[in-house]
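Novice: what's the 3D shape of this:
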Amino acid sequence: MPSPLNLTRFRPRLMDALADYNRERFFKDLGAGATVGIVALPLAMAFAIASGLKPEAGIWTAIIAGFLISLLGGSAVQIGGPAGAFIVIVYGIVERYGLANLMISTACAGVLLFMAGLFGLGRLVRFVPVSIVVGFTNGIAVLILLSQLKDLLGLSVEKMPADAFSQLHAMALQIGTFNPYAFALGLACVAGLLLWPLLLREESKVGHAVLRVVGRVARLRAVQVVASLPGPIIALVTLTLVAYGLELPVETIGTRFGGIPEGAPAFALPDFSWETVKQLVTPTLTLALLGAIESLLCARVADQISGQPRHDPNQELMAQGIANVVTPFFGGMPATGTIARTVTNIRSGGSSPIAGMVHALTLLAVVLLAAPLARHVPLAVLAGILVFVALNMGEWREFTPGQLRHFSRHYRLLMLGTFFLTVVFDLTVAVQAGIVLACALFIRRMSRLFSVELVTLQPPVLTYRIYGALFFGAAAKLDEAVNAAERAPRGMTVVLDATHLIYLDASGIDALRQLHRAVLARDGLLRVESLQPQPREVIERSGFADELVAARAGVMSTSSMPNAPRTPMTPTAPPLDES
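Specialist: Below is the predicted model:
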């Protein structure tokens, strides 16, 4: 039999990928990894700064966590690293608990992720309703947009609060410090990122305009080569050169953080105590849950696009857990699977975890060789990149009136409720409330599907047919049959046709026992016919089958049925196993 733990099946996808690896695939992975590494550089810095951390925290997270996730993960093409979804959560943890406690919370979340994969809980993440995922994803996108307004407008706010309304209030108080140069850079960055992909399509209007302007095939090819470069890198380089060349009075990485260290980060352990861990339970659970959802959803998207064998969700969670345990001790932040970089990897030709490992090594080479140049990057440009990320992250079409009309009321309630709770309160409250509400709505819907139908009333036989699932949310619907049994003539036989009963739980057994007692009180007999496998197993395991057989034999004991009278019964019905 398989082991209950997944440790005996700890098998990274890299081992399978290397079985038929060849030179051609290596060069494709090399090119894809280098491309993703270049794309990841501005995103990693932007995510870290938006989270209230130094830019090197994002870079080293992309390097260390990205390498470990590709090395040990269960997906062939997924790229790991800092993600936009963590910005709001990390910023809130840093503001409330401090940087040292963020490290502890991240490491503890990594332990939870590893244990979830170890015990095979990776597939449970799929049980999170899509409506909740869409709601909190759009909510996170709105919060990222709000958090970037300060740098996008060039406002001089000394310290930004964690919640959205306080951020708006703080920025409104400093609106007089608006910097038009920073705003122009940020706006140019967003516009450029939105328009840049059009250069890749020759059939687009922009492509035709470029053809008319350039006028020569050689120059057109040069434009296409440049246009094929990642948009964030083009925006970062060109706008940084503009700001530096024109000496624009804007805030940069150097003026705020003093630049990026050129050497490797040192290993550091924070002060650790169980009292601290107890205080960090909520943020730890939030990081673990969000990391699991983001990484496995990203892996599912990667499977659909790449055509690679399906990912192993438990192996992926174990890899994410190891990465999040190791990274914070080198000054990193939480990491998970990243959709934008993963899609870039697939479209660039990446087909194995080697590409993800090359992406991390590319980032390492850039940091070691070009770290001094990063001090000139304007923060408004990084804010523009994050605004573009947030705009692409949100599934805004789902919120249009035309689209909402196609959804059920339950779906709309879950999606919009999770969205507003994410924006007004925080992601923890939104996800918790969303899951509780989803469970309540599911119970309500399942209870409505259960029904009890009176088929025949021909004394001395009263026949009911039951449909659906008889569980704690629907057990009360059997009260009508109980009341009818209590008013029935003495000696009546009550038959339950369970052909369409698909599920039964302990509360359902209790409801059947109440019906049985009511029937026995009127010297009657209860028969349960045509049981499906699951209800039959529950009835037999609970001892209720023995009670029915004993009642038919007229030997029901007071100990097994304390509320039932000891009434001799004539075994007019066949045994339960033959019903």
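
Novice: count of residues packed around residue 431?
Specialist: Neighbour count for residue 431, taken as other C-beta atoms under 10 Å: 23. Using the backbone N, CA and C atoms, a C-beta is placed for each residue, glycine as well.

Novice: beyond the helix or strand it falls within, next helix or strand please.
Specialist: Here residue 431 sits within helix 427-449, counting by DSSP states H and E. Next along the chain after helix 427-449, taking DSSP H and E as the criterion, comes strand 451-458.

Novice: which parts of that following strand are buried?
Specialist: Buried positions in strand 451-458, judged by neighbour count with 16 or more other C-beta atoms under 10 Å: residue 452.

Novice: other SSEs contacting that strand?
Specialist: Counting contacts by 3 or more C-beta pairs under 8 Å, 6 or more residues apart in numbering; DSSP states H and E, strand 451-458 is packed against strand 461-470, helix 479-487.

Novice: who's in contact with stretch 369-376?
Specialist: Outside stretch 369-376, the residues that touch it by C-beta atoms under 8 Å, 6 or more residues apart in numbering are 45, 55, 240, 243-244, 252-254, 258-262.

Novice: which ChimeraX command selects the buried ones in those?
Specialist: Buried residues among the contacts of stretch 369-376 (16+ other C-beta under 10 Å), as a ChimeraX selection:
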select :45,55,240,243,252,253,259,260,261
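
Novice: buried deepest among the helices and strands packed on strand 451-458, which one?
Specialist: strand 461-470 (a mean of 20; mean count of other C-beta atoms under 10 Å).

Novice: one step back: average pLDDT across the helix holding residue 431?
Specialist: Helix 427-449 comes out with an average pLDDT of 82.

Novice: which strands or helices does it pack on?
Specialist: Using 3+ C-beta pairs under 8 Å, 6+ apart: helix 427-449 touches helix 87-97, helix 130-147, helix 281-306, helix 409-424, strand 461-470.

Novice: okay, these in TSV with distance to residue 496 and mean pLDDT next?
Specialist: Listed next are the helices and strands packed on helix 427-449 as TSV, based on distance: least, C-beta to C-beta, whole Å; pLDDT from 0 to 100:
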stretch	distance to residue 496	mean pLDDT
helix 87-97	51	87
helix 130-147	36	84
helix 281-306	42	85
helix 409-424	30	87
strand 461-470	5	90
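
Novice: nearest to residue 433, out of these?
Specialist: Taking C-beta to C-beta, helix 409-424 is the member of the helices and strands packed on helix 427-449 nearest to residue 433, at 5.5 Å.

Novice: same for the closest one, what does it pack against?
Specialist: helix 130-147, helix 164-173, helix 427-449.

Novice: contact partners of it?
Specialist: Helix 409-424 is contacted from outside by 129, 131-132, 134-136, 138-140, 142-143, 164-165, 398-399, 404, 407, 429-431, 433-434, 437-438, 441, 445, using C-beta under 8 Å, 6+ apart.

Novice: can you give me how far it is from the chain middle?
Specialist: On the basis of C-alpha atoms, centre = their mean, to the nearest Å, helix 409-424 sits 16 Å off its chain's mean C-alpha point.

Novice: what's the answer for stretch 307-318, then?
Specialist: With C-alpha atoms, centre = their mean as the basis, stretch 307-318 stands 15 Å off its chain's centre.

Novice: buried sites along it?
Specialist: Neighbour-count burial for stretch 307-318 flags 308, 311, 312, 313, 314, 315, 316, 317, 318 (criterion: 16+ other C-beta under 10 Å).

Novice: check stretch 139-146 too.
Specialist: Residues of stretch 139-146 classed as buried under the neighbour-count rule (16+ other C-beta under 10 Å) are 139, 140, 141, 142, 143, 144, 145, 146.

Novice: mind putting the residues you listed into CSV with distance to residue 333?
Specialist: Shown next, in CSV, are the buried residues of stretch 139-146 (distance: C-beta to C-beta, whole Å):
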residue, distance to residue 333
139, 20
140, 16
141, 19
142, 21
143, 17
144, 15
145, 20
146, 20
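
Novice: run the chain-centre distance for stretch 384-396.
Specialist: Stretch 384-396 sits 17 Å away from the centroid of its parent chain (C-alpha atoms, centre = their mean).

Novice: tell me which stretches of the stretch 51-200 of the chain form helices.
Specialist: Using DSSP state H, counting those that start in this stretch, the helices of the stretch 51-200 of the chain run over 55-72, 87-97, 99-118, 130-147, 149-153, 164-173, 180-195.

Novice: tell me the most buried of those helices?
Specialist: Stretch with highest mean neighbour count among those: helix 55-72 (a mean of 27; mean count of other C-beta under 10 Å).

Novice: who are the packing partners of that one?
Specialist: helix 13-17, helix 23-50, strand 80-81, helix 313-326, helix 353-370.

Novice: now with 7 Å, please.
Specialist: Applying 3 or more C-beta pairs under 7 Å, 6 or more residues apart in numbering; DSSP states H and E, we find helix 55-72 packed against helix 23-50, strand 80-81, helix 313-326, helix 353-370.

Novice: out of the ones you listed, which is the most enclosed?
Specialist: Across those, averaging neighbours per residue (mean count of other C-beta under 10 Å) puts strand 80-81 on top, at a mean of 34.

Novice: got the contact list for the helix or strand residue 519 falls within?
Specialist: Using DSSP H and E, the element containing residue 519 is helix 506-521. When contacts are defined by C-beta atoms under 7 Å, 6 or more residues apart in numbering, helix 506-521 is touched by residues 470-472, 475, 478, 481-482, 485-486, 494, 525-526, 538, 542, 544, 547, 551, 563-565, 567.

Novice: mark which of the residues you listed are buried, thanks.
Specialist: Counted by 16+ other C-beta under 10 Å, those give 470-471, 475, 478, 481-482, 485, 494, 525-526, 538, 542, 544, 547, 551, 564 as buried.

Novice: just flag the most distant two among those.
Specialist: Taking C-beta to C-beta as the measure, the buried ones among the contacts of helix 506-521 span a maximum distance of 25.6 Å, between 471 and 525.
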